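Novice: Test case, fold it:
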Amino acid sequence: MTRRTLPVLVALSLAVTAPVSAMADNLGAAIVGGIIGGAIMNSQKPRQKTYVKKSYNSAARAQNREVQTSLNYFGFPAGTPDGVLGSRSRTAISQYQAHLGYPVTGALTEYERQFLVSSYNRAQLGGPQVVKILQRSQQGPRALLTAFQKEQGGGGTMMAGGHGGFGYAGLPVEVSDAVDEIAQSSEPSAEQLLQRAGFIQTADLNGDGKNDYVIDTAVTGSSFWCGQTECATLLFASTSDGYARKQFMYKLNAQRTNKITTADFQCDYAGCKMNDPMLASATAVPAPAPAAPAPAAPQAGGTTMASASISAIPMFTAPAPTVAPSLASYCDKVGVLTNSNGGYVTAVSMTDSQLALSEQMCLTRTYAIARGESMITQVAGLSAEQVDAQCDAFGPALAPYVAALEGGSAQDVMGQVRSFALGANMSIEQLQSTGAICLYSGYRRDKQDVALGAALLLVGAGQVPYAETVGHHLSQGFGVTQNGETAKEWYDLAITALDGGAEPVYAPSQKGRVELLKAATTGVPSGQPAATPQPAALPTFKLE
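Specialist: Predicted coordinates:
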C-alpha cells in the first residue's frame, strides 16, 4: 500500500502550485502539510527486516552512542543513539566519509572516529570561530567538519588555512589571515580577491616608514561583510611586533558606488580613526539655492508659452515601494558585531538588551536552517523547489494567525493555532515536521511570512519553546509590525515552557540561554537587582 501511496503524494505535491486562495482552508493545509509530514514519517517507519542479535559490552555501546550522537549533530542521520551501529548508522558513516573525502566503507577507522567525536565536542564548546563558521556557511554544522579538517591538514588556524600560515606573497600574516577569513564568506577564492582592484590598498599612515594596509570589502560581493547600507573595512597598522587590526563600518550611497581609500584614515600616536566621506557630506551645510527668476510679464496681445508656466505646477511622484527588511542581511551585520565583541552576549555581560536579543534571533535562525537541512534529506520524492512551493501554499492557511499577532495577545493567538492544529487532518508529528521544514524554507529564502507562520504552527503543535521565534520577530519587526510588549508575552511563553522542563529547540548545549532571555526581556543583567517599577511608567504584562 505504501508503494502505491507515494506516487499519489508526489502528484498531489505538484497540484499545490494552483492559486493559493484554494489552499487557505484547513483541508488544503492538511493536504499540503500531509505530503511533507507524511513523507518524513514514512521515511522514519522501520522496515520489516530480519536481524541477527549481537551482543555488545557497555564500553562499546557508549562509544557507539558517541558516534551516533556526533553523526546526528553534523547532519548525517544515524537514528536514536542506542549504541548499536545498524544499517542506518552505517549509511550515516558512509555519508560522513564521503563528505570529508575518506574511503567510503560504512565502518569508521579509529582516526575517523576520533576526529568525528572530537569535532562534535569542539562544536559543543562553541567560541568565536565556531560562531563565525556557522553564521557564514549554508552547510550548517557540516561546515565545521570541513573547517576542522582544513585546520588539521594545514597546520594553521581555521582562519589561516589558505596561505598555510606563512602569508601570501608580499603580505603580512595578519593581513593574509583576514583575506582567508573574507574568502570563506564570499564566492571568489582568496587568490581571486587579491587580484581585484581596490581590495587591498597600502600607505604609510602612521609615519613609521612601514606600509599599512586597508582592505575594502565592498569589492568582495559578500553580504556578510558588505550589506545594503554599509560595508566593513579593515585597517592593519604596523606596530613594533607586527600589525594591529581594526575594523570600521562606512556608509554606502544609494548607488552603492562609493569606496573607501587610505586618504579616509588618520593615524597618530593615539591610534587610527576613519573619516567616513558619506557622514561628512551628510552633515555639510548645503549651499543656498539660487533665487528663482521672476516670470516675464506677457506682452499685450501676445501668446503665453506653456513652458513658461510649468514651474508653477506642483510635481507629484509616487513614493518608492517599501522593501521588506532582509533578516539575512540583518544577521550578517549582527554577526560582525558578535565577532568584534569576541562572542555572544551573556546574561552577566549584557549591557545592551537589543543586541542580546538580536544575537539570539540570528542564532535561532542558524539552528532552524541547520535542522531543516537535515530533515529535508528524509523527504522522499520531493525536490527542494517542490518543498518550497508547498510551504508557500501552506502560508495562506496560517496567514490569519500571523495577522492576529498585530493586535492579539500571545495567549489568544496560541489558542487559535492550537485549534487549527487539532482540526487539521494530520498527526502532531506530521505538523511538527512540516513546521520545522517550512521554518527552514522561509529562513533560507528570507521569506519572513513563511517562517513566522511555520513558527506559529510549531507552537500550536505543542512545541511551545518555538514561541521564542515569534517573540524575536515581534521584537525586531521582521514579518510583523514591531511590538515590544507583545514580544515579551511570547518570550514569557517560551521561558515558562523551558523552566517547566520542555525540551529546548535551539542551542540545547548552550548554558544560560534562558537566563539571558529573562535578563534581555527585562533589560536587567543577571545578578543585578531590578529597579522598583513605577506603576504609571512601566506597562504590566498580564498572561491569562
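Novice: now Gln201, what's its secondary structure?
Specialist: What DSSP: H, G, I helix; E, B strand; the rest coil gives for Gln201 is strand.
Novice: Sorry, slip of the keys, the one I care about is Pro103.
Specialist: coil.
Novice: Quick one: neighbours of it, just the number.
Specialist: Number of residues near Pro103 (other CB atoms under 10 Å) recorded here: 10. Every residue, glycine included, has its C-beta placed from N, CA and C.
Novice: Same question for Thr239.
Specialist: Neighbour count for Thr239, taken as other CB under 10 Å: 12.
Novice: For it, give its distance to Asp264.
Specialist: Thr239 sits 21 Å away from Asp264, taking CB to CB, to the nearest Å as the criterion.
Novice: Can you list the low-confidence ranges for the stretch 401-544 of the chain?
Specialist: For the stretch 401-544 of the chain, applying pLDDT under 70 flags the ranges 523-544.
Novice: now swap in the chain and tell me
Specialist: Using pLDDT under 70, the chain drops low at 1-57, 126-129, 131-132, 135-138, 152-169, 186, 269, 280-324, 380-381, 523-544.
Novice: Give me the domain ranges for it.
Specialist: 170-280, 343-522 (automatic domain parsing).
Novice: Start and end of the longest one, how far apart?
Specialist: In other words, domain 343-522. This stretch, domain 343-522, spans 22 Å end to end (CA to CA, to the nearest Å).
Novice: how much distance is there from it to the middle of the chain?
Specialist: 13 Å (CA atoms, centre = their mean, to the nearest Å).
Novice: Also the shortest one?
Specialist: The chain centroid and the centroid of domain 170-280 are separated by 25 Å under CA atoms, centre = their mean.
Novice: so which of the domains of the chain comes closest to Gln68?
Specialist: domain 343-522 (13.9 Å; CB to CB).
Novice: Any chance of a markdown table for the domains of the chain, columns distance to Asn121?
Specialist: Formatted as a markdown table, the domains of the chain follow (distance: least, CB to CB, whole Å):
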| stretch | distance to Asn121 |
| --- | --- |
| domain 170-280 | 22 |
| domain 343-522 | 10 |
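Novice: Just to check, Thr486 is in contact with Met414?
Specialist: No - using CB atoms under 8 Å, Thr486 is not in contact with Met414; the gap is 11.9 Å.
Novice: re the thing from before, most packed of the domains of the chain?
Specialist: domain 343-522 (a mean of 20; mean count of other CB atoms under 10 Å).
Novice: Flag every buried residue along stretch 104-115.
Specialist: For stretch 104-115, the neighbour count (16 or more other CB atoms under 10 Å) marks Leu108, Glu112, Arg113, Phe115 as buried.
Novice: Which ones among those map onto helices?
Specialist: If you go by DSSP state H, the buried residues of stretch 104-115 have Glu112, Arg113, Phe115 in helices.
Novice: Ala254: which of those is nearest?
Specialist: Phe115 (49.1 Å).
Novice: if I look at that closest one, how far off is Tyr102?
Specialist: In this view, Phe115 and Tyr102 are 9 Å apart by CB to CB.
Novice: what do you get for Cys362?
Specialist: Shown here: Cys362 relative to Tyr102, a distance of 33 Å by CB to CB.
Novice: what helices or strands is the longest helix along the chain leaning on?
Specialist: Taking DSSP H as the assignment, the helix of the chain that covers the most residues is helix 353-376. Helix 353-376 is packed against helix 128-136, helix 327-340, helix 428-444, helix 467-476, helix 513-522, with contacts defined by 3 or more CB pairs under 8 Å, 6 or more residues apart in numbering; DSSP states H and E.
Novice: between the helix or strand immediately after the third one in the chain and helix 467-476, what angle do the directions make?
Specialist: By that I understand helix 428-444. Moving toward the C-terminus from helix 428-444, the next helix or strand (DSSP states H and E) is helix 448-460. Angle of helix 448-460 versus helix 467-476, following axes from the mean of the first three to the mean of the last three CA atoms, to 10 degrees, is 140 degrees.
Novice: For helix 448-460, C-alpha coordinates in CSV please.
Specialist: Extracted in CSV, the C-alpha atoms of helix 448-460 (Å, rounded to 0.1, in the frame of the first residue of the first chain):
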residue,chain,number,x,y,z
GLN,A,448,9.5,36.0,6.8
ASP,A,449,5.8,35.3,6.3
VAL,A,450,6.5,31.7,5.7
ALA,A,451,9.0,31.5,8.6
LEU,A,452,6.6,33.2,11.0
GLY,A,453,3.7,31.0,10.0
ALA,A,454,5.8,27.9,10.5
ALA,A,455,6.8,29.1,14.0
LEU,A,456,3.2,29.6,14.9
LEU,A,457,2.3,26.1,13.6
LEU,A,458,5.1,24.6,15.8
VAL,A,459,3.7,26.4,18.8
GLY,A,460,0.2,25.2,18.0
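Novice: quick one: that helix to helix 327-340, angle?
Specialist: 80 degrees.
Novice: Can you redo the helices and strands packed on helix 353-376 as JSON lines, where the extra columns are distance to Gly86?
Specialist: Output for the helices and strands packed on helix 353-376, formatted as JSON lines (distance: least, CB to CB, whole Å):
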{"stretch": "helix 128-136", "distance to Gly86": "30"}
{"stretch": "helix 327-340", "distance to Gly86": "38"}
{"stretch": "helix 428-444", "distance to Gly86": "22"}
{"stretch": "helix 467-476", "distance to Gly86": "34"}
{"stretch": "helix 513-522", "distance to Gly86": "34"}
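Novice: So for Asp216, which of those sits nearest?
Specialist: Counting by CB to CB, Asp216 lies closest to helix 327-340 out of these; the figure is 14.9 Å.
Novice: and the angle for that closest one with helix 353-376?
Specialist: Using the same axes, to 10 degrees: helix 327-340 against helix 353-376 is 120 degrees.
Novice: what helices or strands is helix 327-340 leaning on?
Specialist: Looks like helix 327-340 contacts helix 128-136, strand 242-251, helix 353-376 (3+ CB pairs under 8 Å, 6+ apart).
Novice: try it again with 6 Å
Specialist: helix 353-376 (3 or more CB pairs under 6 Å, 6 or more residues apart in numbering; DSSP states H and E).
Novice: May I have the helix or strand following the helix it packs on as CSV, with CA atoms only?
Specialist: Following helix 353-376 in sequence order, the next helix or strand is helix 384-404 (DSSP H and E). Provided in CSV are the C-alpha atoms of helix 384-404 (Å, rounded to 0.1, in the frame of the first residue of the first chain):
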residue,chain,number,x,y,z
ALA,A,384,13.8,21.4,-2.7
GLU,A,385,11.8,23.5,-5.1
GLN,A,386,8.7,21.4,-4.6
VAL,A,387,9.0,21.6,-0.8
ASP,A,388,9.4,25.4,-1.1
ALA,A,389,6.2,25.6,-3.2
GLN,A,390,4.3,23.5,-0.7
CYS,A,391,5.4,25.8,2.2
ASP,A,392,4.4,28.8,0.2
ALA,A,393,0.9,27.2,-0.5
PHE,A,394,0.7,26.3,3.2
GLY,A,395,1.1,30.0,4.1
PRO,A,396,-2.4,31.3,3.3
ALA,A,397,-3.9,28.8,5.8
LEU,A,398,-1.7,30.3,8.6
ALA,A,399,-2.0,33.9,7.3
PRO,A,400,-4.9,34.8,9.7
TYR,A,401,-2.9,33.8,12.7
VAL,A,402,0.1,35.8,11.5
ALA,A,403,-2.2,38.8,11.1
ALA,A,404,-3.6,38.2,14.6
